[in-house]
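1. The sequence isn't on hand, but the structure is:
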C-alpha cells in the first residue's frame, strides 16, 4: 500500500479534531479514531509502493514506514495520557496533523518541496503554544515559535533552491556551497532548539502543554533533519569541497548541545524544563550527523532519530502524568510521588535505561558512531559518554519520589484503582429451575448495563492508573526501540530507490546495502535514481574514464 491513505486519514482526522475542539470529548474521539487508522495504514505501507500525484511522487521506504508506525502508536498513547491527566485543548488534533506533515515531508523525494512540507507541519504547533486563557503569554510564546520556525524554514528553502539552480556560474565560487550547507544545518539546529538557539525552545517548554513537546521539539524537527541529511548527501557531499570550517562549526553546535543540555537538565526544578533540555541534549547527536559526510553515517543517524523521538516522548508523557496526578510539575513540591505512583516510578527507570543504554546496545552504538564521525576521537569518546551523566537527572527525580510525601502528593491522586459506586446486589427470588435461570440471565444483563453506565465515572476516578499504564507502555516501547527491536536496524540500513517510472525494489546484490562514498568522480556523474525523502543515499554512479583536463565539480542528484 502507498503512503497516501495514511496522509488522507491524518488530514481528515486532524482537521475534524480541531474543528470540534470546543467539545473535548469529540475532539479526542476523532483523534483516537484517526490514530488507530493511521497505525493500520502505516503497518501496510510497502517500501516499493510509490505513487505519482501530478508532477510529484510520494515514495515510501522501510524507514519511513517504521517512523509512521511508531509515530502513530506514540501519538495514540500521548493522546491517552493527555485525556487521562490534563486534557489540553487542541493537542489531539495537532498531534495527528503534525505526524501527517512529517510523514509527507519524508515521502517527498525533492528536498525543496519536503522542506516546505516540514515547515508547514510545524505551524500546527503554534496552536498549543500556551495554555488557554493566557492570551498575552500565548501571543508572546506563539510569536517566538513562529519566528524560529520561519527563520529555519527560510534558511532551508533558500539553501535547497540555491543549489537546485544550474551550477555553472557557481563553480567558480566554492564558498557558495559551504554557505548553503551551513544555512541548512543551522536551520536544523534552530528547529531542534539546539544550543545556542535554545531560547525559543525554553519558552515553549515553559508554556506549551507537556504532551505537545515531543511533536514540537522531536518528531517534527527529526523529519526536518532527515530531509537535511538527504539533501547534504545529494547536493553537497559529492562535491568533495574543503568544508572543514563549516563542518567544525556544526559539530561544535552538536557537541555543545549534548553537554550543556545535560547540565541544564541537572539544575532544573521544573519537570517540563527537564524534559525540554534532555530533548536538546539528545538532538545534539542529530546535529552531529549533519557534520559527518561519510556515507556510513546514514545507518546510525536513522537509528538514533527513532531512539530519540520515542524515548523523549515517553519522558514527556511521564512528566504530564505526574503533573496531572499531583497538580504540580516542580520537583521540590513532588516529594513522595513514587510512593503513591509505583507504576510511574517503574516507567521512569525504564525510560532512563532506554535513554542512557550501555556499550553494545543499539542506541549506544548509534550515538557513539555519530560522535566519532563528526569529532576527533578523544572528544568523540567524551561526548558519546556524556549521557551517562544524565543518570543523575533520573536518580534525583527518583530520590525525591522516595522521600516522605509532601502536601501536593498527599492531596493528589493515587494509582490505586477504584469504582465510583458499590456493586448492586440482586437477591434471587425464583424457586423453580427455569425461573432461576431466567433470573440469572436478567441479573447478568442488568449488571452489564450497570457497568456500562458507570464506565465514564470509573474512567474519571481512575485517571491516574490509566495514565500510568499508558506511560508504562510508552516506556516499554522506548526500551524496545533502544535495543534494536521492531526492525529498527534493518529499516535504518535499507536503501530503497525510485526510478523514472516509479519505485523499485531493494538494490541488486551487487550494490552495497549502505550508501557508497560521497566523493565526486572525475566526471559529471549520471545518476538515474533519486533518494527518497528521509531515506539513504543514491546509488553510486558508474565511473567513467578520466578526461584529459580536470573538469569542474558538479552536484549529484
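-> That came in fine, so what should we check first? In this text, all values refer to a predicted model and were calculated from it rather than measured experimentally.

2. pull the helix or strand with minimum mean pLDDT from this protein.
-> strand 530-531 (a mean of 36; mean pLDDT, DSSP states H and E).

3. okay, now the closest residue in space to residue 86 that isn't next to it in sequence: neighbour count?
-> Computed as Cβ to Cβ, 6 or more residues apart in numbering, the closest residue to residue 86 that is not its neighbour in sequence is residue 324, at 4.8 Å. In short, each C-beta sits where N, CA and C put it, glycine included. Using other Cβ atoms under 10 Å, residue 324 is surrounded by 24 other residues.

4. likewise residue 92?
-> If you count neighbours by other Cβ under 10 Å, residue 92 ends up with 31.

5. Repeat that for residue 241.
-> The tally of other residues near residue 241 (other Cβ under 10 Å) stands at 17.

6. What segments of the protein are strands?
-> Assignment of strands within the chain using DSSP state E yields the ranges 51-53, 56-58, 497-499, 502-503, 530-531.

7. I'd like to know which elements the second one is packed against.
-> Based on contacts counted as 3 or more Cβ pairs under 8 Å, 6 or more residues apart in numbering; DSSP states H and E, the elements that strand 56-58 packs against are strand 51-53.

8. Make sure residue 37 is actually in contact with residue 8.
-> No - judged on Cβ atoms under 8 Å, residue 37 makes no contact with residue 8 at a distance of 9.5 Å.

9. So between those two, which is more surrounded?
-> Between residue 37 and residue 8, counted using other Cβ under 10 Å, the more crowded position is residue 37 (18 against 14).

10. show me the contacts for the spatially most central residue of the chain.
-> To find the centre residue of the chain, average its C-alpha atoms and take the closest one (Cα atoms, centre = their mean): that gives residue 219, at 2.6 Å. Listed by Cβ atoms under 8 Å, 6 or more residues apart in numbering, the contact partners of residue 219 are 71, 74, 98-99, 102, 309, 313.

11. Return the member of the residues you listed nearest to residue 381.
-> Relative to residue 381, the closest of these is residue 309; by Cβ to Cβ it sits at 25.3 Å.

12. Relative to residue 341, how far out is that closest one?
-> Taking Cβ to Cβ, to the nearest Å as the measure, residue 309 and residue 341 are separated by 25 Å.

13. returning to what we had before: without its sequence neighbours, what residue ends up closest to the residue nearest to the centre of the chain?
-> Here the nearest residue to residue 219 in space, its sequence neighbours aside, is residue 309; by Cβ to Cβ, 6+ apart that works out to 5.2 Å.

14. gap between the one you found and residue 39?
-> As for residue 309, its distance to residue 39 is 16 Å (criterion: Cβ to Cβ).

15. Compare these two (neighbour count), which wins?
-> Using other Cβ under 10 Å, the more surrounded residue of residue 309 and residue 39 is residue 309, with 30 against 20.

16. Report the contact partners of residue 481.
-> 70, 306-307, 310-311, 354, 488.

17. ok, residues contacting stretch 346-356?
-> Contacts of stretch 346-356 (Cβ under 8 Å, 6+ apart): 278, 282, 307, 311, 314-315, 318, 363, 387-388, 390-391, 394, 397-398, 468, 471-472, 474-476, 478-479, 481-483.

18. what comes up buried for it?
-> Neighbour counts over stretch 346-356 (16 or more other Cβ atoms under 10 Å) mark 347-348, 350-356 as buried.

19. do the same with stretch 102-122
-> In stretch 102-122, counting by 16+ other Cβ under 10 Å, buried: 102-119, 121-122.

20. returning to what we had before: ranking by neighbours, what's the top pick from the contacts of residue 481?
-> Neighbour counts for the contacts of residue 481 peak at residue 311, which has 29 neighbours (criterion: other Cβ under 10 Å).

21. With residue 90 as the reference, measure out to that one.
-> If you measure residue 311 against residue 90 using Cβ to Cβ, the figure is 25 Å.

22. now do residue 425
-> Remark: distance between residue 425 and residue 90 (Cβ to Cβ) = 45 Å.

23. Which one's more surrounded, the two?
-> Between residue 425 and residue 90, counted using other Cβ under 10 Å, residue 90 has the larger neighbour count: 21 against 6.

24. Now the more buried one, what are its backbone angles?
-> Listed backbone geometry of residue 90 is phi 70, psi -20, with angles given as degrees, to the nearest 10.

25. pretty sure it is touching residue 21, no?
-> Yes - applying Cβ under 8 Å, one finds residue 90 in contact with residue 21, separated by 5.4 Å.

26. I'd like to know the phi and psi angles of residue 462, please.
-> Main-chain dihedrals, residue 462, degrees, to the nearest 10: phi -100, psi 30.

27. number of nearby residues for the closest residue to it other than its chain neighbours?
-> If the residues on either side of it in the chain are set aside, residue 462 comes closest to residue 417, at 5.4 Å by Cβ to Cβ, 6+ apart. Residue 417 has 11 neighbours, counted by other Cβ under 10 Å.

28. what does stretch 332-344 contact?
-> With Cβ under 8 Å, 6+ apart as the test, stretch 332-344 has contacts from 269, 318, 321-322, 325-326, 328, 345, 398, 400-406, 408-410, 412-415, 464-465, 468-469, 471-472.

29. redo that, cut-off 6 Å
-> 321, 345, 400-406, 408-409, 414-415, 468, 472 (Cβ atoms under 6 Å, 6 or more residues apart in numbering).

30. buried ones in that stretch?
-> Neighbour counts using 16+ other Cβ under 10 Å place 333-338, 340-341, 343-344 of stretch 332-344 among the buried residues.

31. list the contacts for the closest residue to residue 213 other than its chain neighbours?
-> Residue nearest to residue 213 in three dimensions, not counting chain neighbours: residue 316, with 4.8 Å by Cβ to Cβ, 6+ apart. Under the criterion of Cβ under 6 Å, 6+ apart, the contact partners of residue 316 comprise 210, 213-214, 275.

32. Filter the residues you listed down to the buried ones and hand me the PyMOL line.
-> To isolate the buried ones among the contacts of residue 316 in PyMOL, judged by 16+ other Cβ under 10 Å, type:
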select buried, resi 210+213+214+275
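
33. now, which of the contacts of residue 316 lie within helices?
-> Members of the contacts of residue 316 lying in helices (criterion: DSSP state H): 213-214, 275.

34. Pipe the residues you listed into TSV and attach pLDDT per row.
-> Written out in TSV, the entries for those read as follows (pLDDT from 0 to 100):
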residue	pLDDT
213	83
214	86
275	91
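
35. Between the contacts of stretch 332-344, which sits nearest residue 32?
-> Distances from residue 32 to those, taken as Cβ to Cβ, are shortest for residue 321 (17.7 Å).

36. Next, count neighbours for the closest one.
-> 33.

37. Next, the buried residues of stretch 203-222.
-> Across stretch 203-222, burial judged by 16+ other Cβ under 10 Å covers 203-205, 207-222.

38. again but with stretch 221-241, I slipped
-> Here stretch 221-241 shows 221-239, 241 as buried, counting by 16+ other Cβ under 10 Å.
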